[in-house]
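*Asks:* quick one: sequence plus predicted model below, questions after.
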Amino acid sequence: MLSFDVRLRRNGFTLEASAVFGNGTTAVFGPSGAGKTTLLSCIAGATEPDEGEITLGRRTLWSSSKRVNTPPEKRRIGYVYQDGALFPHMSARDNLTYGFRLTPPERRRINPEAMIGLLDLGELMDRRPGQLSGGERQRVALARALATSPELLLLDEPMASLDARRRGVAIGYLKRVGQELAIPMVYVSHSVSEVMALASQALLLDRGKVVGLDKPGKMLPQAAAGYDREAEPFENLLDGVIGKRPGQVAVGNVELIAQTGNRKEGEPVILSIRAGEIIVAATPPEALSARNVIPGTIAELSGNSGTVYAAVDVGVPIVVELTEWSADSLRLAPGRSVFLVFKASSIQLLDA
Amino acid sequence: MASDLSIVLLSLRAAALATALLLPVALVVSWLLARRHFPGKFALDVIVTLPLALPPVVIGYALLWAVGGSSPAGRAIQSIFGSAVVFTWVAAALAGAIVALPLAVRAFTLALAQVDPVLEGAARGLGAGPIRVFLTITLPLAGRGLLAGLLLGFVRAFSEFGATIVVAGNIPGETQTAPLAIFTRLSAGDDGGAARLAVISIVIAVIAIAAHNYMLRRTDRSDLHRTPAR
């Protein structure tokens, strides 16, 4: 468990944030300039706040009143940088084992060899960072941080440099890490889609202040307020498995139809569905060309200058973007039963 | 009269000691200049650059005053080593170190500034203390640039004349380095002897500068110093 209460003033910017993060994955999100990276930097020990306290489990990492300032190398916190920050003069293997060798044997819980398997790094180990793609660098960086057996993993926009296809893969790896290693993660992102896909709770930051901390679905209303739809359309990212029949994909208990191409039965995938491409129907629609008609219940509604985001529970949460006018005319409200309609071609399948 | 070989060897020895003396100082100063913000940084920069601008004779004079027999430092050296430093080959090395310092500091600062601080921060986060970070990340990544700076410092120390003659004197076989010997031979009308040493000096300088340039060129080409593109 991580708890912090920090104040920091730098060049006209003020960060004033306090929260308690449970285990699991916490997303820190908000518009650029909100102080997300600064907050991470304070937790990791690279930046010293002016005032406050940071504790991890029972250890006080930093406290202005107790005059504690644990140096970064003693915090037992893994940090994954935006571009990986791999050491360019070392092979991927030497990068991976750099921190492991510095970890006292009695604290070693994660073996670098296991990371090679978990993150599919086998073929990359003898290469230099310059010979790796962005996604590969990111995976080596993740493995390098994990190999120190950290008590907390911080990730700073680890997918910012990846294209949509690679992002699906990266989300798959991160989920695997969260599930298999049970290391609490704090994940900085400006992408609502990523937050929805990965986090068990979300902290929304704006201009250095905490707007709220709750389940990602509940945080969407506030998140939508600062969301730039033009720059990045909101996509739902869902875990799925290719089904038996052609085009069939299972997402939890929900069966969807997508263009599965030559993917094989049982193959795990990530489904990307743009929130704007989903139609909401108040009554069961009939005789449609769209192949997916899914019943669900509206869980949350949030508005932002003419646009409404509806979080619909269909077994998994799916966010739909619609105009205020449509939402009003359908009399949408939390608890109301609806049907979500979208074409098979609106689902993009990403490698998990 | 000392042989050409013994003169060149003496010069090389003095220049090597000069390089060894300036290395730790230049490393600390350039690290401060490249990585830290502190009051007095501007002044530090000016002070270490000063030998580049001063007449070397003035540096020799200052050194004579600083480590001569009547100064506290001079007396300390006398009591520890049992002999004075002035008018020895060590004094020649000291003079070389000081005139070469600004060149080494400039080159080192540039080399260290090229190392991405994010990489150093990443190493800290992986459990490495500041000294280990410097040895395993900063030093290897700045390595070629640092080596280039050392070569430049070495060849500058080898060539030193003005400061050396004041603080080390011009004692054949003891403190008479190649530049001093060339001057002495020219004064004595031994043009052939002066020319031989001049040619040797030029060869050494060309080799050192060529190696220096090679190091820096490799720095530009290799991706060693850069983090992957963002």
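*Replies:* Received it, and whenever you're ready, just let me know what you need.
*Asks:* what about the helices in chain B?
*Replies:* B:4-35, B:41-53, B:56-67, B:72-81, B:89-113, B:117-125, B:130-133, B:139-159, B:162-167, B:178-187, B:191-221 (DSSP state H).
*Asks:* with mean neighbour count, distance to chain A and mean pLDDT added, can I get those helices in JSON lines?
*Replies:* All C-beta spots, glycine's among them, are computed from the backbone N, C-alpha and C. Shown next, in JSON lines, are the helices of chain B (neighbours: other C-beta atoms under 10 Å in any protein chain shown; distance: least, C-beta to the nearest C-beta, whole Å; pLDDT from 0 to 100):
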{"stretch": "helix B:4-35", "mean neighbour count": "19", "distance to chain A": "14", "mean pLDDT": "95"}
{"stretch": "helix B:41-53", "mean neighbour count": "14", "distance to chain A": "19", "mean pLDDT": "95"}
{"stretch": "helix B:56-67", "mean neighbour count": "18", "distance to chain A": "37", "mean pLDDT": "93"}
{"stretch": "helix B:72-81", "mean neighbour count": "12", "distance to chain A": "36", "mean pLDDT": "85"}
{"stretch": "helix B:89-113", "mean neighbour count": "25", "distance to chain A": "14", "mean pLDDT": "96"}
{"stretch": "helix B:117-125", "mean neighbour count": "22", "distance to chain A": "4", "mean pLDDT": "95"}
{"stretch": "helix B:130-133", "mean neighbour count": "14", "distance to chain A": "8", "mean pLDDT": "94"}
{"stretch": "helix B:139-159", "mean neighbour count": "23", "distance to chain A": "5", "mean pLDDT": "95"}
{"stretch": "helix B:162-167", "mean neighbour count": "25", "distance to chain A": "38", "mean pLDDT": "94"}
{"stretch": "helix B:178-187", "mean neighbour count": "20", "distance to chain A": "38", "mean pLDDT": "95"}
{"stretch": "helix B:191-221", "mean neighbour count": "15", "distance to chain A": "12", "mean pLDDT": "88"}
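*Asks:* in JSON lines, list those along with distance to residue A:289.
*Replies:* Formatted as JSON lines, the helices of chain B follow (distance: least, C-beta to C-beta, whole Å):
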{"stretch": "helix B:4-35", "distance to residue A:289": "64"}
{"stretch": "helix B:41-53", "distance to residue A:289": "70"}
{"stretch": "helix B:56-67", "distance to residue A:289": "89"}
{"stretch": "helix B:72-81", "distance to residue A:289": "93"}
{"stretch": "helix B:89-113", "distance to residue A:289": "62"}
{"stretch": "helix B:117-125", "distance to residue A:289": "51"}
{"stretch": "helix B:130-133", "distance to residue A:289": "61"}
{"stretch": "helix B:139-159", "distance to residue A:289": "59"}
{"stretch": "helix B:162-167", "distance to residue A:289": "90"}
{"stretch": "helix B:178-187", "distance to residue A:289": "92"}
{"stretch": "helix B:191-221", "distance to residue A:289": "58"}
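*Asks:* residue A:49: which of the ones you listed is closest?
*Replies:* For these, proximity to residue A:49 was assessed by C-beta to C-beta; helix B:117-125 is nearest, at 16.5 Å.
*Asks:* pull the CA atoms of the closest one into CSV?
*Replies:* Extracted in CSV, the C-alpha atoms of helix B:117-125 (Å, rounded to 0.1, in the frame of the first residue of the first chain):
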residue,chain,number,x,y,z
PRO,B,117,20.6,12.1,-16.8
VAL,B,118,17.5,9.9,-17.2
LEU,B,119,19.8,6.9,-17.6
GLU,B,120,21.6,7.8,-14.4
GLY,B,121,18.3,8.2,-12.6
ALA,B,122,17.2,4.8,-14.0
ALA,B,123,20.3,3.2,-12.6
ARG,B,124,19.6,4.8,-9.2
GLY,B,125,16.1,3.3,-9.3
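*Asks:* what sits up against that helix?
*Replies:* Under the contact criterion C-beta atoms under 8 Å, 6 or more residues apart in numbering or on different chains, helix B:117-125 has outside partners A:44-46, A:71-73, A:75, A:77-79, A:81, A:85, A:87-88, A:98-99, A:145, B:35, B:130, B:132-133, B:136-138, B:141, B:227.
*Asks:* what is the end-to-end distance of stretch B:163-180?
*Replies:* 11 Å (C-alpha to C-alpha, to the nearest Å).
*Asks:* spell out which parts of the stretch 51-200 of chain A neighbour chain B.
*Replies:* A:71-73, A:75, A:77-79, A:81-89, A:98-99, A:102-103, A:129-130, A:132, A:134, A:137, A:144-145, A:148, A:161 (C-beta under 8 Å from any C-beta of the partner chain).
*Asks:* contacts only, for the closest residue to residue A:201 other than its chain neighbours.
*Replies:* Of all residues not flanking residue A:201 in the chain, residue A:26 sits nearest, at 5.1 Å (C-beta to C-beta, 6 or more residues apart in numbering or on different chains). In this structure, residue A:26 makes contact with A:184-187, A:199-203, judged by C-beta under 8 Å, 6+ apart.
*Asks:* between these, which has the most around it?
*Replies:* Tallying neighbours with other C-beta atoms under 10 Å in any protein chain shown puts residue A:202 at the head of these, with 28 neighbours.
*Asks:* next, it: phi, psi?
*Replies:* Per-residue torsions, residue A:202: phi -130, psi 140 (degrees, to the nearest 10).
*Asks:* of the residues of the stretch 51-200 of chain A next to chain B, which belong to helices?
*Replies:* Short answer: these in helices (DSSP H) are A:98-99, A:102, A:134, A:137, A:144-145.
*Asks:* that older thread, tell me which of the contacts of residue A:26 fall in strands.
*Replies:* Those of these mapping onto strands are A:185-187, A:201-203, per DSSP state E.
*Asks:* picking up where we left off before, tell me the pLDDT at the residue nearest to residue A:201?
*Replies:* On the pLDDT scale, residue A:26 is placed at 93.
*Asks:* run a quick neighbour tally on the residue in chain B that chain A sits nearest to.
*Replies:* Here chain B gets closest to chain A at one residue, residue B:126, 3.2 Å apart by C-beta to the nearest C-beta. The tally of other residues near residue B:126 (other C-beta under 10 Å) stands at 26.
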